[in-house]
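# heads up, no residue letters with this:
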Ligand code: C2O
Ligand code: CU
Ligand code: CU
């Protein structure tokens, strides 16, 4: 392991002498997008070929430009070769139907095309897209599949902001990678010693001396960045994951965890020639964050190989910025006010769910491990179970409680959220906007509020998970379905009590039963009338999404009795 580290490190330092122009991914616009996932070859180091994956190219993917209100169709073809390379493409941050979300359930088999179509409902912001296959996310993202999505709308377009792609508005995808001795991309390691922007090691950008906009994405598998400039100049945060803040925030550092985006304006108008660097200030990351000088403690709670990686806890240049002449009509001011934030009053939340991050080992639950595997509410991800059932058009708070020794960037699909409080305190101004990822520090409790609107599907779930990709792949992920109670008439709130929901209720043909967890194995389902007669009986191995036919029953009140090895529960329903 040691030897292997030395080789990759030498390679990395040697190569960092040469500089390449920052590639700007091609911009695709319109309403119909053809995306071909393909094998490729990339030279991260001169003369050394590394097999990679990309979309419409060798590495990374085109930037997709969407207009809010448009109906877009994406034709996603998987041409990957090699065994077991079915994948998915997820539109990270976009509010789309569960069937179009591209989570682990919308598998794109090799040689096939997936064609989701949806209306763009999000506000102007920077989103991204990446694979999300069960246990395959890290492999497919690290090998190169990731691209940005820029949504435009009429509110953002009225503000005087740089918005000419590749001229004064730049995509900045920051990643680290690990290469093994054969120069193949390695995953689930801690020796990601190569850092790159837009897929290039040691890049430079020629930028006009005026106000420019950087759309920053942390597309790394596991590393958090503390970004700033080499001259410590201030920049202005204008947008977080879900869109514009109400006012621009002047700061000289922005922390970006996996999956997070930030749009910043930087005023370079005082420079004529010369250069500065966009840097990672890893030495300023707090203990417990992957990328900081230390995670865990000095006893058994450490991450193997963590301390052999020279990037952890250190400051290094990510991107050289050379100043060139301004464009003909540059943006020269930084707007203070942007657009008022719509807020969700806390009083409108009708339900809270807790999500506790813990370590799971053979010894059972050991709260303080640093290396994982990690679980949410004691459960590892299961493809076929639904962890949470949410009702359409309800506002909820979700409380994230990190009992592990490492920070986890928590991400939810379907919705954007607002942070209510962090350890009981209001979030800082730069975290007051709409987000879909939040980094939960060891020991912290973060509460957010969101409303589940527009899309319901009673069997296709959305995901929530840690965006450290190997944590996600190792099971630090759960699923939720959003049920429209006006359509299927769920009258009874059974959430988080026994884990079982029955619907529709009243019902006329088929009573559906879903459960939130795996407690109900080898269950017997019985429909019993008011006199105690068993009318229908069915044995199921697991109640995940079961149903029972009640077509032949006459109208009236019945009970569904569910018996498993250690639980019995009875629920009332009406046949009509
Ligand atoms: Cu960026 Cu569920 O992912
Ligand atoms: Cu997502
Ligand atoms: Cu994690």
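Yep, that arrived. Model, not experiment: these values are computed from the prediction. Ligands and ions are numbered 1, 2, ... in the order given.
# next helix or strand past the lowest-mean-pLDDT helix or strand in the chain?
None of the helices or strands of the chain scores lower by mean pLDDT, DSSP states H and E than helix 2-15, at a mean of 45. Downstream of helix 2-15, the next assigned helix or strand under DSSP states H and E is strand 20-21.
# now do the helix or strand that comes right after that next one, average pLDDT.
As assigned by DSSP H and E, the chain's next helix or strand after strand 20-21 is strand 27-28. Averaged across strand 27-28, pLDDT comes to 98.
# now the element after strand 27-28, going C-ward?
strand 32-45.
# outside of the helix or strand that that next one is followed by itself, list whatever touches it.
The first helix or strand that comes after strand 32-45 along the chain, using DSSP H and E, is strand 48-55. Residues outside strand 48-55 that contact it (C-beta atoms under 8 Å, 6 or more residues apart in numbering): 35-44, 58-62, 80, 140, 143-145, 147, 179, 183-185. The way it works is simple: take the backbone N, C-alpha and C, and place the C-beta from them, glycine included.
# repeat for stretch 337-348
The contact list for stretch 337-348 (C-beta under 8 Å, 6+ apart) reads 155-156, 159, 238, 244-248, 395, 397, 418, 420, 432-434, 449-451.
# repeat that for stretch 391-401.
For stretch 391-401, contacts defined as C-beta under 8 Å, 6+ apart pick out 344, 346, 348-357, 390, 410, 412, 417, 420, 438, 440, 444-453, 455-456, 482-486, 490.
# check which residues of that stretch are buried.
Judged by neighbour count (16 or more other C-beta atoms under 10 Å), stretch 391-401 contains these buried residues: 391-392, 394-398, 400-401.
# how far does it sit from its chain's centre?
Relative to the chain's own centre, stretch 391-401 is displaced by 17 Å; criterion: C-alpha atoms, centre = their mean, to the nearest Å.
# and the residue of the stretch 1-150 of the chain closest to ligand 1?
Of all residues in the stretch 1-150 of the chain, residue 92 sits closest to ligand 1, at 3.6 Å by C-beta to the nearest ligand atom.
# relative to residue 131, how far out is that residue?
11 Å (C-beta to C-beta, to the nearest Å).
# try residue 138
According to C-beta to C-beta, residue 138 stands 9 Å off from residue 131.
# for the two, indicate the residue with more neighbours.
With neighbours defined as other C-beta atoms under 10 Å, residue 138 and residue 131 compare such that residue 131 has more, 28 against 20.
# quick one, what contacts the more buried one?
Taking C-beta under 8 Å, 6+ apart, we find residue 131 in contact with 87-90, 137, 140-141, 145.
# mind putting those residues into JSON lines with secondary structure and pLDDT?
Output for the contacts of residue 131, formatted as JSON lines (DSSP: H, G, I helix; E, B strand; the rest coil; pLDDT from 0 to 100):
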{"residue": "87", "secondary structure": "strand", "pLDDT": "98"}
{"residue": "88", "secondary structure": "coil", "pLDDT": "98"}
{"residue": "89", "secondary structure": "coil", "pLDDT": "98"}
{"residue": "90", "secondary structure": "strand", "pLDDT": "98"}
{"residue": "137", "secondary structure": "helix", "pLDDT": "97"}
{"residue": "140", "secondary structure": "helix", "pLDDT": "98"}
{"residue": "141", "secondary structure": "helix", "pLDDT": "98"}
{"residue": "145", "secondary structure": "coil", "pLDDT": "98"}
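# any chance of CSV for the residues you listed, columns neighbour count?
Shown next, in CSV, are those (neighbours: other C-beta atoms under 10 Å):
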residue, neighbour count
87, 26
88, 23
89, 26
90, 22
137, 26
140, 23
141, 22
145, 25
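# and which of the residues you listed is nearest to residue 68?
residue 90 (19.6 Å; C-beta to C-beta).
# in this structure the closest one contacts residue 413, no?
Yes - between residue 90 and residue 413 there is a contact at 7.5 Å, judged by C-beta atoms under 8 Å.
# what sits in contact with each of the two?
Shared contacts of residue 90 and residue 413, defined by C-beta under 8 Å, 6+ apart, comprise 101, 103.
# so which strand or helix has the nearest residue to the residue of the stretch 1-150 of the chain closest to ligand 1 once chain neighbours are set aside?
Closest residue to residue 92 apart from its sequence neighbours, by C-beta to C-beta, 6 or more residues apart in numbering: residue 128 at 4.9 Å. Using DSSP H and E, the element containing residue 128 is strand 125-130.
# average pLDDT for that strand?
The average of the pLDDT scores along strand 125-130 is 98.
# same question for stretch 38-51.
Stretch 38-51 comes out at a mean pLDDT of 96.
# chain center to it: distance?
27 Å.
# residues contacting the residue nearest to the spatial centre of the chain?
Closest to where the C-alpha atoms of the chain average out (C-alpha atoms, centre = their mean) is residue 411, at 4.6 Å. Shown in contact with residue 411 (C-beta under 8 Å, 6+ apart): 92, 259, 436-437, 464-467.
# closest one of these to ligand 1?
Nearest to ligand 1 among the contacts of residue 411, with distances taken as C-beta to the nearest ligand atom, is residue 92, at 3.6 Å.
# list phi and psi for that closest one.
Per-residue torsions, residue 92: phi -60, psi 120 (degrees, to the nearest 10).
# how about residue 469?
According to degrees, to the nearest 10, residue 469 has phi -70, psi -30.
# and it, how many neighbours does it have?
The burial count for residue 469: 26, using other C-beta under 10 Å.
# can you offset everything so residue one is 490?
With the count now opening at 490, the last piece we talked about shows up as residue 958.
# the helix or strand harbouring residue 1011 packs against which elements?
Here residue 1011 sits within strand 1010-1017, counting by DSSP H and E. Applying 3 or more C-beta pairs under 8 Å, 6 or more residues apart in numbering; DSSP states H and E, we find strand 1010-1017 packed against strand 1023-1031, strand 1034-1038, strand 1045-1052.
# residue 675 reaches residue 665, doesn't it?
No - the criterion here is C-beta under 8 Å, and residue 675 misses it with residue 665 at 11.6 Å.
# rewinding a little: please convert the buried members of the contacts of stretch 880-890 into PyMOL selection syntax.
Listed next is the PyMOL selection for buried residues among those, using 16+ other C-beta under 10 Å:
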select buried, resi 833+838+842+844+845+846+879+899+901+906+909+927+929+933+934+935+936+937+938+939+940+941+944+945+971+972+974+979
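# contacts with ligand 3 among the contacts of stretch 880-890, please.
Contacts with ligand 3 within those, counted by C-beta under 5 Å from the ion: none were found.
# ok so, going back, what about the contacts of stretch 826-837, which are in helices?
Among the contacts of stretch 826-837, none falls in helices (DSSP state H).
# inside strands: which ones of the residues you listed?
The strands, defined by DSSP state E, take in 727, 733-737, 884, 886, 907, 909, 938-940 from these.
# which single one of these is nearest to ligand 3?
Ranked by distance to ligand 3 (C-beta to the ion), the ones in strands among the contacts of stretch 826-837 are led by residue 939 at 20.3 Å.
# residue contacts, the closest one?
By C-beta under 8 Å, 6+ apart, the residues touching residue 939 are 833, 884-885, 887, 901, 904-907.
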